[in-house]
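3D model of this:
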Amino acid sequence: MNIASPREAIRIGQIEIRYLLEGADTNGALALFEATVPPNVRVPAPHRHVTYDETIWEIAGTCTFAVEGREFALAPGQALFIPRGAAHQFVNGGAETVRFLAAVTPGVLRSDFFREIGALVNAGAPPDPKAIGAIMARHGLQPV
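Presented below is the predicted three-dimensional model:
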């Protein structure tokens, strides 16, 4: 057993991702990260996870998730399960910053994914959609 401390913040535009557990910490069973999303910022495009499920647990603020065409406004303490293959995206349309935990099972989504996407998004120029698609594909995601 290991106790993991939060790792460094990974910035993707104004969104911040902080891994609490990587798959390597859990023998591949789980990856766990916290996302901080300010109001009305650019968020990831709709996508699917090919090789893993994702469970969201809202900590602060209200974040709206669209999953397969249905909308779910998560308030603090609420959770949402997103099965692999389900098209989804999220938005913070409220006035306060949102924070949620995301559990990825199995723990195959590494922090490297967010670092690579962040490097493209934070470079200053509009990111190349083909480059983003290639990174997504390497990490088990598909744009919708």
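
What is the burial count for the nearest residue to Ala31 once chain neighbours are set aside?
Among residues not flanking Ala31 along the chain, Gly107 sits closest, at 3.8 Å (CB to CB, 6 or more residues apart in numbering). For every residue, glycine as well, the C-beta is placed using N, CA and C. Neighbourhood size, Gly107 [other CB atoms under 10 Å]: 20.

my read: Gly107 touches Gly28, true?
Yes: contact criterion CB atoms under 8 Å: Gly107 and Gly28 qualify, at 5.3 Å.

Distance check, the residue nearest to Ala31 against Thr64.
From Gly107 over to Thr64 the distance is 26 Å, taken as CB to CB, to the nearest Å.

for the chain, what spans make up the helices?
Per DSSP state H, the chain carries helices over the ranges 111-121, 129-138.

which of these is buried the deepest?
helix 111-121 (a mean of 18; mean count of other CB atoms under 10 Å).

Now it: average pLDDT?
Taken as a whole, helix 111-121 has an average pLDDT of 95.
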